[in-house]
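Participant: Sharing a sequence plus its predicted fold:
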Amino acid sequence: MVFFIFCFGKMLKNLKKLHNLANGCAFFSSLQVSYHFFTILKRTVMKKFFILIPAVLLCLFSCSTSDSDSDSETDSEIDPEFAMTAKINGDVFQANNPFGNNEFSNYLIWDWYPPNEFILLQARKGSTFSTLREINLWLKKSDIAVGTYVIGAETFEVKPSHYVVLVYPSSEEPISTKEGKIVITEVNTSTKLVKGTFEFTTVLYLDDPSSPVNFRITEGKFNYTYE
């Protein structure tokens, strides 16, 4: 386009010279008409050209920014700062798995939830006995689908679809999950990510109906790979 405008301008200069030489010569009268015609055309083309340039640049910038934002969002979803967040009795809990990322754990830490049937989503905060806090959430492989899953006290009679427990080594009281829910909000089969929310309460003794709630886990969120 720039090259075309440049050549167009050179042609107009030559026409202008011929126009000045014509000076009433009938033979060159057509050149006068051509000169005026191309002058008007040039003004029109240049006007449209300079109007078009900002629009094209704006479009290119917008597309570039959109792609960058999209990539940034995708990266943050695949590798979030914290794989799990929640509040434990109102205190903020933000953590990743024991290796510092959001990959699922393929370890057997409870025979009732074997790795061939369940994936384990671990979130560990702290490194000493007194500071360690951990939330372990199991998802049954055959039931990893968007939906709400109500959890209750573990009876060890029928395995639930999903389950969650709080690990608090320094607590002087027993901790047993009483009730709650796990909501799977997204299952991305391309990136192999599972996302969702959860909440639950724990009590001292499950076999005692009057046992008070000792921990309330609220506003729980998770974002993990499941394969």
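Facilitator: In hand now; what should we look at? Numbering: from 1, shown residues only.

Participant: neighbours around Phe82, how many?
Facilitator: 16 (other Cβ atoms under 10 Å). Quick note: C-beta positions are derived from backbone N, CA and C, even for glycine.

Participant: and if you look at Leu166?
Facilitator: 21.

Participant: likewise the one 3 residues further on?
Facilitator: Residues lying near Pro169 (other Cβ under 10 Å) number 13.

Participant: repeat for Ser127
Facilitator: By other Cβ under 10 Å, 8 other residues sit near Ser127.

Participant: same deal with Leu121?
Facilitator: Leu121, neighbours per other Cβ under 10 Å, totals 27.

Participant: Model confidence score at Lys42, please.
Facilitator: We note a pLDDT of 46 for Lys42 in this prediction.

Participant: Likewise for Thr177?
Facilitator: Reported pLDDT for Thr177: 95.

Participant: That one contacts His162, doesn't it?
Facilitator: No. The pair Thr177 / His162 is not scored as a contact, 11.5 Å apart, by Cβ atoms under 8 Å.

Participant: How is this protein partitioned into domains?
Facilitator: 2-77, 80-225 (automatic domain parsing).

Participant: who's in contact with Tyr226?
Facilitator: Neighbour list for Tyr226: Phe104, Ile119, Leu139, Ile144, Val187, Lys192, Leu193, Val194 [criterion: Cβ atoms under 8 Å, 6 or more residues apart in numbering].

Participant: That one and Ser130, how far apart?
Facilitator: 32 Å (Cβ to Cβ, to the nearest Å).
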